[in-house]
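A.B. asks: after the sequence you'll find the predicted model.
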There are 2 protein chains.
Amino acid sequence: MRIVLIGAGNLATNLGKALCEAGHSIEQVYSRTMESADALASRLNCDATNIFEDIVCDADCYVISVKDSVLENVAHAVLRGREDCLFLHTAGSMPLDTLPSNRRGVLYPMQTFSKHKDVNFKTIPCFIEAKDKADLEVIKLLADSISQSVYELESENRKYLHLSAVFCCNFANRCFALGAKLLKEHGDIPFEVMLPLIDETASKLHTMLPSDAQTGPAVRWDENVIGKQMALLEDNPEMQEIYSILSKSIHNDKL
Amino acid sequence: MRIVLIGAGNLATNLGKALCEAGHSIEQVYSRTMESADALASRLNCDATNIFEDIVCDADCYVISVKDSVLENVAHAVLRGREDCLFLHTAGSMPLDTLPSNRRGVLYPMQTFSKHKDVNFKTIPCFIEAKDKADLEVIKLLADSISQSVYELESENRKYLHLSAVFCCNFANRCFALGAKLLKEHGDIPFEVMLPLIDETASKLHTMLPSDAQTGPAVRWDENVIGKQMALLEDNPEMQEIYSILSKSIHNDKL
């Protein structure tokens, strides 16, 4: 397919590379700043622009991969003169109908992307949706060409999927960061010592559900340990509150 | 070394196997119930008992691996008649001086152990401590024989290490469980779809600190997404509170 990428952030960069490697032709990259448009375009060996009017009009598909807050406005700007084209967005939490185009779809690759960390796109679950059945087939072919795990999912459930990803990735990572803070402040222990534990915590989920894998003082409701650990956090009310509510959540498990 | 294992839970089981494989001789397993003592003893090919008086008196080392809440009492019971022996406990959050013996030490293998999931002990960081220098050397030899990552750490810092492990393992796992709950309740999406994201979230920490790896709506402070996701949790005040406090914690990052 002949594709125009709108956006040049972490997701657009990783997606663009995957699309190229799958044999699609990236026609052009648009970004708000010429600098980032150029940076991605040079990696994808295509043209760059930061002017909506200069975006080519005859691509098969326009993939809009920008911040949620500007998605609708950007899509409106790109739509002008391209009313018959297929538009996709890649945002987990945004409904399909955020796009103003007649032909519209979603391709949400659920992964945490960082600039300096390559990921294998083949293993990333991609969630797709479209207004029309014919376009859904097109998007499915596109998604299948870059990922081995493609699921159809409508906007209503996708917003909960995205919320689940916030818990499983962003909030879990915050727990790691708070753990790192404790190590640094008490004995200046290098965070590397936590990696086997963190790797095993993730690895266990390949053979058991997280509710079955739960361990620690809260699941045993060991009030002695819980009380002592709450006291250790006395100089950090925020961490103390997080400790308290997550311990109660584990203990009152209603899953 | 000739070792007696006091306790037959998840940690004792995994530690006992590792000690055997390293060529040590497990003389005996004690457990409160004969059933669990027998179960572990048969795996380690040694004797079992559930009577303190029947524990052999001439082992080189008594490794007490029981629930924190009964550690002190069990250690007192085993000590009688074995006053010159070396006693170790394996509990992350308990100070060295919980042990009443003259010769005392700690060997804390920091990992999450489940009954039906084998782990490679070689990769588990082990934190050791002893009252006497000579015993510390003995414990270091023992720890080095089962793990490639052995660190000396005194009780005062070890309690923070254990607290850090609660955040990195138990609380992160709770976030995974809450994510799984959302998937189940909305579209009955199989939890497997989260595994690539969770694996990548853990894997990133091998090349960057968790504070640098943080992504998601809270780090961008995208109030639109945060507001919508808070609303999705309206029927679950506990999850809503967790969402709110972890988002604020990410945003107010003082790390």
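C.D. replies: It's in.

A.B. asks: around chain B, pick out the residues from the stretch 1-150 of chain A.
C.D. replies: A:67-69, A:93, A:110-114, A:116-117, A:119, A:123-125, A:149 (C-beta under 8 Å from any C-beta of the partner chain). Using the backbone N, CA and C atoms, a C-beta is placed for each residue, glycine as well.

A.B. asks: greatest separation within the residues you listed: which pair is it?
C.D. replies: With C-beta to C-beta as the measure, no two of these lie farther apart than A:69 and A:123, at 29.1 Å.

A.B. asks: might you report the residue contacts of the nearest residue to residue A:148 once chain neighbours are set aside?
C.D. replies: Computed as C-beta to C-beta, 6 or more residues apart in numbering or on different chains, the closest residue to residue A:148 that is not its neighbour in sequence is residue A:122, at 5.2 Å. Counting by C-beta atoms under 8 Å, 6 or more residues apart in numbering or on different chains, residue A:122 touches A:146-148.

A.B. asks: give me the buried subset of those.
C.D. replies: Buried subset of these (neighbour count, 16 or more other C-beta atoms under 10 Å in any protein chain shown): A:146-147.

A.B. asks: tabulate the contacts of residue A:122 (TSV), appending secondary structure.
C.D. replies: Formatted as TSV, the contacts of residue A:122 follow (DSSP: H, G, I helix; E, B strand; the rest coil):
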residue	secondary structure
A:146	helix
A:147	coil
A:148	coil
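
A.B. asks: what about the helix or strand bottoming out on mean pLDDT in chain A and chain B, any contact?
C.D. replies: Here the helix or strand of chain A ranked lowest by mean pLDDT, DSSP states H and E is helix A:217-220, holding a mean of 90. Yes - counting by C-beta under 8 Å from any C-beta, chain B is contacted by helix A:217-220 at A:217-220.

A.B. asks: next structured bit after that helix?
C.D. replies: As assigned by DSSP states H and E, the chain's next helix or strand after helix A:217-220 is helix A:223-232.

A.B. asks: and that next one, what does it pack onto?
C.D. replies: helix A:217-220, helix A:237-251, helix B:68-79, helix B:155-165 (3 or more C-beta pairs under 8 Å, 6 or more residues apart in numbering or on different chains; DSSP states H and E).

A.B. asks: which of the ones you listed has the lowest mean pLDDT?
C.D. replies: Ranked by mean pLDDT, the helices and strands packed on helix A:223-232 bottom out at helix A:217-220, with a mean of 90.

A.B. asks: buried sites along stretch A:38-51?
C.D. replies: By 16+ other C-beta under 10 Å, the buried positions in stretch A:38-51 come out as A:38, A:40-41, A:44, A:46-50.

A.B. asks: next: stretch A:213-232.
C.D. replies: Buried residues in stretch A:213-232 (16+ other C-beta under 10 Å): A:213-220, A:222, A:225-226, A:228-229, A:232.

A.B. asks: distance from the chain centre to the least confident helix or strand of chain A, please.
C.D. replies: Distance of helix A:217-220 from its chain centroid, counting by C-alpha atoms, centre = their mean, to the nearest Å, is 31 Å.

A.B. asks: ok, and what's touching it?
C.D. replies: A:225-226, A:229, A:246-248, A:250-251, A:253, B:67-68, B:93, B:166, B:170, B:174.

A.B. asks: hmm, stretch A:171-183 touching chain B?
C.D. replies: Yes - residues of stretch A:171-183 contacting chain B under C-beta under 8 Å from any C-beta: A:171-183.

A.B. asks: wait, which of those is closest to residue A:30?
C.D. replies: residue A:173 (30.5 Å).

A.B. asks: number of nearby residues for the closest one?
C.D. replies: 26 (other C-beta atoms under 10 Å in any protein chain shown).

A.B. asks: now it: which helix or strand?
C.D. replies: Applying DSSP H and E, one finds residue A:173 within helix A:172-185.

A.B. asks: from the contact counts, what lies against the helix or strand just after that helix?
C.D. replies: Next along the chain after helix A:172-185, taking DSSP H and E as the criterion, comes helix A:195-203. Secondary-structure packing of helix A:195-203 (3+ C-beta pairs under 8 Å, 6+ apart): helix B:172-185, helix B:195-203.

A.B. asks: any chance of those in JSON lines, plus mean pLDDT and distance to residue A:77?
C.D. replies: Listed next are the helices and strands packed on helix A:195-203 as JSON lines, based on pLDDT from 0 to 100; distance: least, C-beta to C-beta, whole Å:
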{"stretch": "helix B:172-185", "mean pLDDT": "97", "distance to residue A:77": "34"}
{"stretch": "helix B:195-203", "mean pLDDT": "97", "distance to residue A:77": "31"}
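
A.B. asks: buried deepest among these, which one?
C.D. replies: Mean neighbour counts were compared across the helices and strands packed on helix A:195-203 using mean count of other C-beta atoms under 10 Å in any protein chain shown; the top stretch is helix B:172-185, at a mean of 24.

A.B. asks: quick one: list the elements packing against that helix.
C.D. replies: Helix B:172-185 packs on helix A:155-165, helix A:172-185, helix A:195-203, helix A:210-213, helix A:237-251, helix B:237-251, going by 3+ C-beta pairs under 8 Å, 6+ apart.

A.B. asks: is the shortest one anywhere near chain B?
C.D. replies: Yes - using C-beta under 8 Å from any C-beta as the criterion, contacts between helix A:210-213 and chain B involve A:210-211, A:213.

A.B. asks: show me the contact partners of that helix.
C.D. replies: Outside helix A:210-213, the residues within contact range by C-beta under 8 Å, 6+ apart are A:201, A:204-205, A:253, A:255, B:112, B:114, B:173-174, B:176-177, B:179-180, B:191.

A.B. asks: closest to residue B:242 among the residues you listed?
C.D. replies: Minimum distance to residue B:242 across the contacts of helix A:210-213 is 8.5 Å, recorded for residue B:174 (C-beta to C-beta).

A.B. asks: related to what we said a few turns ago, possible to save the contacts of helix A:210-213 as a markdown table with distance to residue A:156?
C.D. replies: Formatted as a markdown table, these follow (distance: C-beta to C-beta, whole Å):
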| residue | distance to residue A:156 |
| --- | --- |
| A:201 | 31 |
| A:204 | 31 |
| A:205 | 26 |
| A:253 | 27 |
| A:255 | 22 |
| B:112 | 35 |
| B:114 | 35 |
| B:173 | 28 |
| B:174 | 26 |
| B:176 | 23 |
| B:177 | 23 |
| B:179 | 18 |
| B:180 | 19 |
| B:191 | 19 |
